[in-house]
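J.: Following is a predicted model, sequence given first.
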Amino acid sequence: AGPVCGLMLADMGAEVVKVEKIEGGDDTRRSVPPALSGESAAYMMMNRGKRGLSLDLKAEEGKLLLRRLLADADVLIENYRAGTMERLGLGYETLKGEFPGLIYCALSGFGRTGPYAERAGFDLVAQGMSGLMSVTGEGPGRPPMKCGPPITDITAGILAAMGVLAAYARKQRIGLGQAVETSLFEAGIVQTYWQSAIAMATGVPPGPMGSAHPLNAPYEAFETADGWITIGAANQTNWLRLTEAIGVPGLAEDPRFAQNRDRMEHRAALAEVLAERFRGDTTEGWLARLDAAGVPAGPVLDVAAM
């Protein structure tokens, strides 16, 4: 999450200096294979646009060098367990006295307060505890599934960068820095808008639905003759466009599918009708029809094709 936060700021033009430990540096340097010109591809991706420096923050000389950097810095980003920087004498309460304009951004697994503050945090653990794994996967009765990318790491980094920018805007007005913090756990919870709304309104937590949507239908992936296609007919206008484009007689008039409430109630039946129809042509063929009709749709691509 910390590297993502720095990456977001570097991409927007900030001068970012990445501080690594002396013995071996950042752990992603050893995330190989794959490699690019002898360097870890993961490390290269996460650190593009950054400068680098190795320091021993347990040594007084290392702390002195960090303070020399902070004299001209607007922002410090740290991604340690709660309390680590304080034990090094580099916590926010200490540094803000020396550098009143410093924006101090702390990212952690579970935040700086509360019963989980001392826990180590990884994306997989945060996905499990935030509810994301309970709503990701093929359907009820299947094993819990994580989202493929490290979504809580990436989201926490983006949230932190947004907080840094808000603090920087304030600093431009009054000249003072402040503390900014977020966590992987909170970043996972941020992603549960629809599912949390459903759970709070009904008292029943939703479960996994494959590629389908918990509030709108049809809004999911369907197999074609040669691949997969996603259909976003999630409002009445696009639903009617879809029925016209795919040419299933009587579909638009079927009372089971008249309005979104009806389609959600009979989603399995609707998916069965659509699945049979979409298997009758290729992805390219369907996309041509759907694009012409104005129905949001797209192929399911692997990363290389993307």
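T.: Structure received.

J.: contacts and neighbour counts: CA atoms only from here.
T.: Fine.

J.: Give the buried residues for the longest helix along the chain.
T.: Assignment by DSSP state H gives helix 151-174 as the longest helix of the chain. Neighbour counts over helix 151-174 (16 or more other Cα atoms under 10 Å) mark 151-164, 167-168, 171 as buried.

J.: Ok, stretch 199-207 next?
T.: In stretch 199-207, counting by 16+ other Cα under 10 Å, buried: 206, 207.

J.: Endpoint to endpoint, it covers what distance?
T.: 10 Å (Cα to Cα, to the nearest Å).

J.: gap between it and the chain center?
T.: 23 Å (Cα atoms, centre = their mean, to the nearest Å).

J.: ok, back up a step: packing partners of the longest helix of the chain?
T.: helix 2-11, strand 103-108, helix 123-129, strand 179-183, helix 184-190 (3 or more Cα pairs under 8 Å, 6 or more residues apart in numbering; DSSP states H and E).

J.: As a markdown table, those with distance to residue 216, mean pLDDT and mean neighbour count would be great.
T.: Output for those, formatted as a markdown table (distance: least, Cα to Cα, whole Å; pLDDT from 0 to 100; neighbours: other Cα atoms under 10 Å):
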| stretch | distance to residue 216 | mean pLDDT | mean neighbour count |
| --- | --- | --- | --- |
| helix 2-11 | 32 | 97 | 21 |
| strand 103-108 | 35 | 97 | 25 |
| helix 123-129 | 24 | 97 | 20 |
| strand 179-183 | 30 | 97 | 21 |
| helix 184-190 | 20 | 98 | 23 |
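
J.: possible to save those as a markdown table with distance to residue 287?
T.: Below are these laid out as a markdown table (distance: least, Cα to Cα, whole Å):
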| stretch | distance to residue 287 |
| --- | --- |
| helix 2-11 | 34 |
| strand 103-108 | 42 |
| helix 123-129 | 34 |
| strand 179-183 | 40 |
| helix 184-190 | 33 |
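
J.: Can you list the low-confidence ranges for the chain?
T.: Counting by pLDDT under 70, the chain contains no low-confidence segment.

J.: Helices of that one, start to end?
T.: Going by DSSP H, the chain shows helices at 2-11, 41-46, 60-70, 84-87, 92-98, 123-129, 151-174, 184-190, 193-202, 236-246, 260-265, 267-278, 283-293.

J.: Redo those as TSV? Include distance to residue 25.
T.: Below are these laid out as TSV (distance: least, Cα to Cα, whole Å):
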stretch	distance to residue 25
helix 2-11	13
helix 41-46	11
helix 60-70	14
helix 84-87	18
helix 92-98	24
helix 123-129	21
helix 151-174	20
helix 184-190	23
helix 193-202	37
helix 236-246	52
helix 260-265	52
helix 267-278	51
helix 283-293	46
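
J.: quick one: which of the ones you listed is nearest residue 145?
T.: helix 123-129 (8.8 Å; Cα to Cα).

J.: list the helices and strands the closest one packs on?
T.: helix 151-174, helix 184-190.

J.: Serialize those helices to a markdown table and add fields for distance to residue 303.
T.: Shown next, in a markdown table, are those (distance: least, Cα to Cα, whole Å):
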| stretch | distance to residue 303 |
| --- | --- |
| helix 151-174 | 16 |
| helix 184-190 | 23 |
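
J.: who wins for proximity to residue 283 among those?
T.: Counting by Cα to Cα, residue 283 lies closest to helix 151-174 out of the helices and strands packed on helix 123-129; the figure is 28.3 Å.

J.: and the angle for that closest one with helix 2-11?
T.: 50 degrees (axes from the mean of the first three to the mean of the last three Cα atoms, to 10 degrees).

J.: Nearest to residue 202, out of the helices and strands packed on helix 123-129?
T.: helix 184-190 (18.2 Å).

J.: Please write out the alpha-carbon positions of that closest one in CSV.
T.: Taking Å, rounded to 0.1, in the frame of the first residue of the first chain, the C-alpha atoms of helix 184-190 are listed here in CSV:
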residue,chain,number,x,y,z
LEU,A,184,-5.9,-2.4,4.3
PHE,A,185,-8.9,-3.4,6.4
GLU,A,186,-10.6,0.0,5.8
ALA,A,187,-9.7,-0.2,2.1
GLY,A,188,-11.4,-3.5,1.8
ILE,A,189,-14.5,-2.3,3.5
VAL,A,190,-14.6,0.7,1.1
